[in-house]
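In: Model the structure of this input:
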Amino acid sequence: MKAATGETIRGGLWHVTRSSLFVLLASMLLIIQGIGLVTRPTAALAADPSPGTPLGSVHLSVSCSSGIGVGITFDGTNLWYSCYNQSPDLFRASPTTGQVSASYTIAGGLGALAYDAADNVIYASYGGSNIGEVYSIQLDSHKNVVSSKAIFNTCSFSCLTSIDDGLAFDAGTHTLYFSPDTSTTVWHLSTSGTVLGSFPWAGTGCYNSGLAIGDELLFEGADGCTTVYVVDKATPTKLDFSFSTGGTRDEGLTCDDSTFRQDAIWSKDAYTPVAYAFAIPSGSCGVGGKPVGTRTVEFVHGINGNYRQFECGNLSGSFRAVLARLCAQPAQFTVDSFPYYQDQGYSSSSGQACPNMPAPGTNTGILYVDPHSIDPNVCDSKGALAFSAAALDAHLAKLSGPVSVVAHSMGGAITRGWLALAGTKGASDPSLSKVDSVLFMQGAQAGSWAAGVGGALNSVPIVDRIVQEATHLAHLDANRPGVIDVAPLSPWYKSVNTALRYPGVPTQLAYYNFYSALSLQLRVNFGPFTLDEGSFNAGDLVMLPGSDKPTDMPLAGGAKFLPGGVRTTNRHEFVMPDQIDINPLDFAVPPLLAGDIQRVLASPVTHFNFSTQTDQVMVTGCGPRSPQASVTSEVLRILQNPTKGCS
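Out: Numbers count the residues shown, from 1 in each chain. Down below sits the predicted model:
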């Protein structure tokens, strides 16, 4: 006969042991401590204007009270600028309106700035009495400053004046280029200040001022000579080309590949709150020092996660084996960690509940959302999924492509929400022009039976107190919106899984799905004889396998996902199997039952272990020869060319 979930039962004891097996699974949940569940031109620009063509300017809304400000950098969304010898000394502003959205005091005066997209850091140099100091300023995913520190001093090799006006970061080599005020030498430095080399400035008649990296090019400003000189980093003493900036005093420089219709270089005027943008050759700008074509990997963590723990500068969360390998290749990958609405990463020990947590976006479209689920004082990564899905849609639209989304656990449900939201908008949704691939890692495609069963038991008299305590220990609060959303057949899944016609997701993307199939085999041993009494595919214990059809909503949820139902060069489903043998007679002997539970929980494919054991869990690869490979290796291989990951 067939069991309700579709597995074949081969023994006569199943009518006795099936309920016991569910008791076994429910018991596991009770002892688990956490679940990883500018002013733009008015006329159309030419397709490729010549270098130096003015593209626009922006008047920054806050002037430097000291009268001097030379630093400028672009983080992919915002312009940052600095002020000399004053507090605050660092400002974040819109590149289109100039409106300042945040200001910070770092050192009482700063000079040149350079953004590092690989680590989401701004490097800043001295501007005042802090002669020679260079600082590292850590940002969060919303581009708020979270910390800063002095990392080295340049006076051992160069200490000319009280301000530095030239600093650039190269993500390909993770190094800095430095040229202080009144200097004609450019220094190549490690990010700890070690001198790697130096070479003469490419200009003549003035001094070098601003520096910026644009892929393989190094842009060098001219202090007072209104010219930008450009060299190849490989041959820095040979001038490639130059262009006039038309009367502005070029100090800080920064590359911008998204504000205008083509690549641009910003130049900050030293004595006014104005930045000017000029055309540079198409394909020569990688924001944050990135080589052009660098892939952004957007990581969407699971339930109870903290987005700060998945950033290259702080890999203290799960999936370290995968993320560390990506972070070690800054010339190829930029890792970005997405924060939920009510993400744990917004929590603080200062007494304020969730400082810096933005208000939820309301562009939730067709997605189900409980209107009473907004609370600025809760940040536990269990908020309503619609708010996070809408925020993900807006966030992805701002990134430089190409982008691969990697989603784990409840992050998979949020990603499905984004796909439904973007899919209903179609070509008008800009995120679909940036993202080309999605990888699900034990994603909650149709819900978690644990969330569903917990909710049901929570309504049973007397039992409800037991369930509430158990779910508290497991950090699975059945009353929180996110947990309610990931229950099978929830209003969330009804709004997501049925939003689009089959196959239920945008068809232009590549999809790869990793799910677990932990088989609990009921087996009685009689000396040399073995009696198989049936098996149960428990998935990863939190999610059953379910259906690979994205529009399906199985009664018990599931983690399978294969749009179109056929494996192709850019769509594949990876099963991560394991088997645990259990003697059904153990259910009557508590010590033996406890041992069985421990063996099941120790499986590397469970939801609780997988994210820290991706180097040990093996899958059959999807390449032509399909070798066995670790999940870590297979994910990295796919990300090399995800649009044809299985070719």
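In: contacts, neighbours, all on C-alpha from now
Out: Fine.
In: sec struct for Leu323, please.
Out: Look at Leu323: counting by DSSP: H, G, I helix; E, B strand; the rest coil, its state is helix.
In: neighbours of it, just the number please.
Out: The tally of other residues near Leu323 (other CA atoms under 10 Å) stands at 20.
In: Same question for Val438.
Out: A count of neighbours around Val438, defined by other CA under 10 Å, yields 26.
In: and it, what element?
Out: Val438 is part of strand 435-441 when elements are defined by DSSP states H and E.
In: who does that strand pair up with?
Out: Applying DSSP bridges, strand 435-441 is found paired with strand 403-408 (parallel), strand 510-526 (parallel).
In: residues of the last one that come out buried?
Out: It refers to strand 510-526. Buried residues in strand 510-526, counted by 16 or more other CA atoms under 10 Å: 510-524.
In: packing partners for the helix or strand following that strand?
Out: The helix or strand immediately downstream of strand 510-526 is strand 529-537, counting by DSSP H and E. Strand 529-537 sits against strand 510-526, with contacts defined as 3 or more CA pairs under 8 Å, 6 or more residues apart in numbering; DSSP states H and E.
In: what ranges of the stretch 1-150 of the chain fall below the confidence cut-off?
Out: The model of the stretch 1-150 of the chain has pLDDT under 70 over residues 1-48.
In: can you give me the strands in it?
Out: Remark: strands assigned in the stretch 1-150 of the chain by DSSP state E, counting those that start in this stretch are 54-59, 72-74, 79-82, 90-93, 100-104, 110-116, 121-126, 133-139, 145-153.
In: can you give me the helices for the chain?
Out: Assigned by DSSP state H, the chain shows helices spanning 14-31, 320-327, 385-398, 410-425, 431-434, 449-457, 463-473, 481-485, 491-496, 590-601, 631-640.
In: Where among those is average confidence lowest?
Out: When these are compared by mean pLDDT, helix 463-473 comes last with a mean of 41.
In: Please compute how far stretch 590-600 lies from its chain's middle.
Out: Averaging C-alpha positions (CA atoms, centre = their mean, to the nearest Å) puts stretch 590-600 38 Å from its chain's average.
In: Quick one: the strands paired with strand 435-441 as JSON lines, columns for mean pLDDT and distance to Gly289 too.
Out: Shown next, in JSON lines, are those (pLDDT from 0 to 100; distance: least, CA to CA, whole Å):
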{"stretch": "strand 403-408", "mean pLDDT": "97", "distance to Gly289": "17"}
{"stretch": "strand 510-526", "mean pLDDT": "91", "distance to Gly289": "27"}
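In: shaky segments in the stretch 251-400 of the chain?
Out: Residue ranges of the stretch 251-400 of the chain with pLDDT under 70: 351.
In: hey, where'd the strands end up in it?
Out: According to DSSP E, counting those that start in this stretch, the stretch 251-400 of the chain carries its strands in the segments 264-269, 274-279, 295-300, 333-337.
In: can you state the direction angle for the second one and strand 54-59?
Out: For strand 274-279 against strand 54-59, the angle by axes from the mean of the first three to the mean of the last three CA atoms, to 10 degrees is 160 degrees.
In: Strand partners (parallel or antiparallel) of strand 274-279?
Out: Partners of strand 274-279 in the sheet, by DSSP bridges, are strand 54-59 (antiparallel), strand 264-269 (antiparallel).
In: winner for burial among the ones you listed?
Out: strand 264-269 (a mean of 27; mean count of other CA atoms under 10 Å).
In: what's in contact with it?
Out: Strand 264-269 is contacted by residues 55, 69-72, 210, 248-257, 274-280, 285 when judged by CA atoms under 8 Å, 6 or more residues apart in numbering.
In: Check the offset of it from the chain's centre.
Out: That offset, for strand 264-269, works out to 28 Å (CA atoms, centre = their mean).
In: Give the buried residues for stretch 261-281.
Out: Buried residues in stretch 261-281, counted by 16+ other CA under 10 Å: 261-270, 272-281.
In: Output it as PDB, restricted to C-alpha atoms.
Out: The C-alpha trace of stretch 261-281 is given here as PDB (Å, rounded to 0.1, in the frame of the first residue of the first chain):
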ATOM      1  CA  ARG A 261      23.200  55.400 -19.000                       C
ATOM      2  CA  GLN A 262      26.900  54.500 -19.200                       C
ATOM      3  CA  ASP A 263      30.000  54.200 -17.100                       C
ATOM      4  CA  ALA A 264      31.100  57.500 -15.400                       C
ATOM      5  CA  ILE A 265      33.700  59.000 -13.200                       C
ATOM      6  CA  TRP A 266      32.800  61.500 -10.500                       C
ATOM      7  CA  SER A 267      35.100  64.300  -9.600                       C
ATOM      8  CA  LYS A 268      34.700  66.200  -6.300                       C
ATOM      9  CA  ASP A 269      35.400  69.900  -6.300                       C
ATOM     10  CA  ALA A 270      37.600  70.900  -3.300                       C
ATOM     11  CA  TYR A 271      36.000  74.100  -2.300                       C
ATOM     12  CA  THR A 272      32.300  73.700  -3.100                       C
ATOM     13  CA  PRO A 273      29.700  71.000  -2.300                       C
ATOM     14  CA  VAL A 274      29.500  69.900  -5.900                       C
ATOM     15  CA  ALA A 275      30.500  66.700  -7.700                       C
ATOM     16  CA  TYR A 276      30.800  66.500 -11.500                       C
ATOM     17  CA  ALA A 277      30.300  63.400 -13.600                       C
ATOM     18  CA  PHE A 278      32.200  62.600 -16.900                       C
ATOM     19  CA  ALA A 279      31.900  59.800 -19.400                       C
ATOM     20  CA  ILE A 280      34.500  57.000 -19.400                       C
ATOM     21  CA  PRO A 281      34.800  54.100 -21.800                       C
END
